[in-house]
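S.K.: what's the 3D shape of this:
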Amino acid sequence: MSDSKTSPDSAKQQVADVGKSLLKEAAKIYQDQGRLTDEILSALHFVYHASLQSALELVDKAAVTQVVSASGRSVYQVIGSSGTPYTCFKTSHYCSCPAFTYSVLHKEDHMMCKHHLAVELSNMTGKTKTLNVTDQQLADMLAMIE
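M.R.: Here you go, the predicted structure:
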């Protein structure tokens, strides 16, 4: 006889999957309508909570830059609300901010920090700036991550 209860890890994965689906849907809506509708913003807020508003503010401030090296490697730099630059890796969902370490990794009560969510939203809305650097400059930038 199987147990119909959902494990905490399974529930977290389901919420993460919903979040990814909502971001894809938001991208489609933005592409079709040139804006995010109240309905999709409400759905995103349900999943991402207060991080959504903070991320949208970062996007409005043009705080997201994709740093691209000559060899094509890239990372994102997000200037946080306090003016501190944070480094985000899109594919691994890593961010150098303390909230990522605490809320995403340790407490596991957030799927991503506001900086990474800002990267997603900025790319979606075409507001990401690009900075071309040498491979050495990118390596130096990465070496400064604590």
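S.K.: show me how far stretch 138-146 is from its chain's centre.
M.R.: 19 Å (C-alpha atoms, centre = their mean, to the nearest Å).
S.K.: residues making contact with that stretch?
M.R.: Contact partners of stretch 138-146, identified using C-beta atoms under 8 Å, 6 or more residues apart in numbering, comprise 67, 69, 73, 75, 77, 87, 96, 133. The way it works is simple: take the backbone N, C-alpha and C, and place the C-beta from them, glycine included.
S.K.: need the longest helix for the chain.
M.R.: Selection of the longest helix in the chain by residue count, based on DSSP state H, yields helix 8-33.
S.K.: now the contacts of stretch 138-146 in JSON lines, with distance to residue 119?
M.R.: Output for those, formatted as JSON lines (distance: C-beta to C-beta, whole Å):
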{"residue": "67", "distance to residue 119": "12"}
{"residue": "69", "distance to residue 119": "17"}
{"residue": "73", "distance to residue 119": "16"}
{"residue": "75", "distance to residue 119": "10"}
{"residue": "77", "distance to residue 119": "10"}
{"residue": "87", "distance to residue 119": "10"}
{"residue": "96", "distance to residue 119": "12"}
{"residue": "133", "distance to residue 119": "17"}
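S.K.: list only buried entries from those residues.
M.R.: 67, 69, 75, 77, 87, 96, 133 (16 or more other C-beta atoms under 10 Å).
S.K.: of these, which belong to strands?
M.R.: 67, 69, 75, 77, 87, 133 (DSSP state E).
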